[in-house]
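Visitor: sequence plus predicted model, see below.
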Amino acid sequence: MAHFEYSAVISAPRSKVYDFLTDITNLKLIMAPDYKIELTSPLTKMKAEEEYQLRVTRYGISMLWGVMIEDFKPNEEFRDRQTYGPFALWVHTHKFEDHGPGTLLTDLIEYDVPFGLIGKLADDIIIRRELQKIFRHRHEKLQSLLL
């Protein structure tokens, strides 16, 4: 299993950052511009044991990605787990901590790639670099939207 972590201080109160990120419709606002995100399941307020389905499109290739909200601690953290999609395993924990007048936002990802050795090679060459790009963009975009 691989691990990825990205943290940044967002210049907004924790409750504001948390409220923004727990509105799943905001995901498309913070994704890297070369990804198109479409929520295909009914919109509900995010809560534990709720499942969402997204259509993720990049380079004209679309795939469905199902996620289940596993853990939900208001203004502290929430965790989602892929139920189906591109990874053999994907668990994403979003942590929110006060940092002066702002919020330290930490994204922790535990994941496994499919396709054995070829997947591990793709992780080393492409996936980890892509995760870095995606989460850097998400945090920068979040910062600009919440100023």
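Guide: Yep, it's here.

Visitor: same for the longest strand anywhere in the chain, what does it pack against?
Guide: Ranked by residue count and defined by DSSP state E, the top strand of the chain is strand 61-73. The contact analysis (3 or more C-beta pairs under 8 Å, 6 or more residues apart in numbering; DSSP states H and E) places strand 61-73 against strand 51-58, strand 77-84, strand 89-99. C-beta: built from backbone N, CA, C; applies to glycine.

Visitor: chain center to the first one, what's the gap?
Guide: For strand 51-58, the separation from the chain centroid amounts to 12 Å (computed by C-alpha atoms, centre = their mean, to the nearest Å).

Visitor: can you pull the buried residues of it?
Guide: For strand 51-58, a neighbour-count test (16 or more other C-beta atoms under 10 Å) marks 52-54, 56 as buried.

Visitor: and if you look at stretch 107-116?
Guide: Applying 16+ other C-beta under 10 Å to stretch 107-116 flags 107-111, 113 as buried.

Visitor: and of the buried residues of strand 51-58, the nearest to R14?
Guide: Y52 (23.0 Å; C-beta to C-beta).

Visitor: for the closest one, list each beta-bridge partner.
Guide: Y52 has the following beta-bridge partners by DSSP bridges: V67.

Visitor: surely it and V67 touch.
Guide: Yes: the pair Y52 / V67 is scored as a contact, 5.4 Å apart, by C-beta atoms under 8 Å.

Visitor: and L64, how far is that from R81?
Guide: 15 Å (C-beta to C-beta, to the nearest Å).

Visitor: quick one: which of those two has more around it?
Guide: R81 (17 against 13; other C-beta atoms under 10 Å).

Visitor: tell me the bridge partners for that one.
Guide: The partner list for R81 in beta bridges (DSSP bridges) reads M68, V91.

Visitor: show me the contacts for it.
Guide: 67-68, 70, 90-92 (C-beta atoms under 8 Å, 6 or more residues apart in numbering).

Visitor: with that, I have no additional questions.
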